[in-house]
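Q: make a model of this:
(4 chains)
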Number of protein chains: 2
Amino acid sequence: MRDKLDAVDHTILTILSEDAQMNYTDVAKRAGVSPGTVHMRTRKMKNMGVIKGATLSLDYSKLGWKMTVFLGIFLKQASLYKDVIDALSEVEEVVKIHHSTGKYDIFVKIHAKDSLHYRRLYQESILVIEGIRDIESFISLEESMNRHIHFGEK
Amino acid sequence: MRDKLDAVDHTILTILSEDAQMNYTDVAKRAGVSPGTVHMRTRKMKNMGVIKGATLSLDYSKLGWKMTVFLGIFLKQASLYKDVIDALSEVEEVVKIHHSTGKYDIFVKIHAKDSLHYRRLYQESILVIEGIRDIESFISLEESMNRHIHFGEK
DNA sequence: TTTGAAAATAGCAACCG
DNA sequence: CGGTTGCTATTTTCAAA
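A: Below you'll find the predicted structure:
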């Protein structure tokens, strides 16, 4: 098993990025190879850690979770990074955490059911975290796009 | 077919959110129902638009895409929103666009292979977009977490 | 990498509670 | 009426060429 990805691997990734539940037979047709090859390549990329897993793309608003909020967090000291990450991880509504450079120290994505839920969450679970100096928040009104990179070229 | 989601639906969503490629038989075992039910519920939720699709979770750095950058964009006028979104959509490296309120007008996520790629991309494809007044950018050094909401309660 | 075959699963229909 | 069960077509998965 070679550890380098070729054009076939990239094609498979692009196809599965769009629909991870597509069966191998159809993927094989689109990629122009046999189902067995798709199976082998996919397993290889999972073992390599290139494919970390598969997840559903959900319409949160239809599930009653109407708000998506981003928080740009400033730390009191850079060394508190890990403690704050750990504390944020405890909050179930926090779905993404990025350690960033530039404007904010940490960048977080949160889901909330409504503004009441969000306010309570923000005040009772986020603001109380030790080590946070300041927070800038912005509410996502609409997700206009959500896609993957097209792994065309080498 | 009822249009309301019950506890079984939520359980299925939670399981598939963690691994969208798990087969229905295993999902059924975990959810404590029959495979037929899982099949039926999943189809219902797809038809309702609750499940929009499934996508791979990839390790971009292993694919040679080392940088993730967030851009907070300020518009010259709010009315230019749609034009700017359209222009951003043309840029292949832009993977997410959020229309937001609070600090920025538009919030964007970008993948780039390296800093050279990013700089060229930023200057030649983003900065030139008509209607953008200013941009604040921050680079994600590390994604510490990426998960879904646990749809436990109603 | 493909091919072909065996095992497992998806998807459906009729039945049951 | 929705869930389960059992059946069939399809798909996954592996071994051999």
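
Q: need the longest helix for chain A.
A: helix A:35-48 (DSSP state H).

Q: which outside residues touch that one?
A: Helix A:35-48 is contacted by residues A:1, A:3, A:5, A:8-9, A:12-13, A:16, A:24-25, A:27-28, A:31, A:51, B:62 when judged by C-beta atoms under 8 Å, 6 or more residues apart in numbering or on different chains. Any C-beta I mention is one placed from the backbone N, CA and C, and that applies to glycine too.

Q: at 10 Å instead, please
A: A:1-6, A:8-9, A:11-13, A:15-16, A:22-31, A:33-34, A:50-54, B:21, B:56, B:58-59, B:62-63 (C-beta atoms under 10 Å, 6 or more residues apart in numbering or on different chains).

Q: residues contacting A:A112?
A: Contacts of A:A112 by C-beta under 10 Å, 6+ apart are A:60, A:65-69, A:93, A:118-122, A:139, B:149.

Q: among the residues you listed, name the ones in helices.
A: Per DSSP H, the subset of these in helices is A:Y118, A:R119, A:R120, A:L121.

Q: format the residues you listed as a markdown table; extra columns: neighbour count, pLDDT and distance to A:F74.
A: Putting the ones in helices among the contacts of A:A112 into a markdown table (neighbours: other C-beta atoms under 10 Å in any protein chain shown; pLDDT from 0 to 100; distance: C-beta to C-beta, whole Å) gives the following:
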| residue | neighbour count | pLDDT | distance to A:F74 |
| --- | --- | --- | --- |
| A:Y118 | 21 | 97 | 20 |
| A:R119 | 11 | 97 | 21 |
| A:R120 | 11 | 97 | 22 |
| A:L121 | 21 | 97 | 19 |
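
Q: next, name the residue at the spatial heart of chain A.
A: For chain A, A:K96 is the residue whose C-alpha lies nearest the centre (C-alpha atoms, centre = their mean; 6.3 Å).

Q: residues near A:V27, how many?
A: Using other C-beta atoms under 10 Å in any protein chain shown, A:V27 has 21 other residues around it.

Q: excluding residues flanking it in the chain, which one is nearest it?
A: Taking C-beta to C-beta, 6 or more residues apart in numbering or on different chains, and ignoring the residues beside it in sequence, A:V27 has A:V38 as its nearest neighbour in space, at 4.9 Å.

Q: then A:G72?
A: Per C-beta to C-beta, 6+ apart, closest to A:G72 is A:Y104, 3.7 Å.

Q: so which helix or strand takes in the one you found?
A: Using DSSP states H and E, A:Y104 sits within no helix or strand.

Q: wait, what's in contact with it?
A: Contacts of A:Y104 by C-beta under 10 Å, 6+ apart are A:70-75, A:98, A:134-136, B:70, B:72, B:136, B:138.

Q: looking at the residues you listed, which is nearest B:K82?
A: B:G72 (18.5 Å; C-beta to C-beta).

Q: thinking the closest one is in contact with B:S137, fair?
A: Yes. Contact criterion C-beta atoms under 10 Å: B:G72 and B:S137 qualify, at 7.5 Å.

Q: overlap in contacts of those two?
A: A:G102, A:K103, B:V108.

Q: just put the residues you listed in JSON lines and tack on distance to B:S89 and neighbour count.
A: As requested, the shared contacts of B:G72 and B:S137 are exported to JSON lines (distance: C-beta to C-beta, whole Å; neighbours: other C-beta atoms under 10 Å in any protein chain shown):
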{"residue": "A:G102", "distance to B:S89": "24", "neighbour count": "16"}
{"residue": "A:K103", "distance to B:S89": "24", "neighbour count": "16"}
{"residue": "B:V108", "distance to B:S89": "10", "neighbour count": "26"}
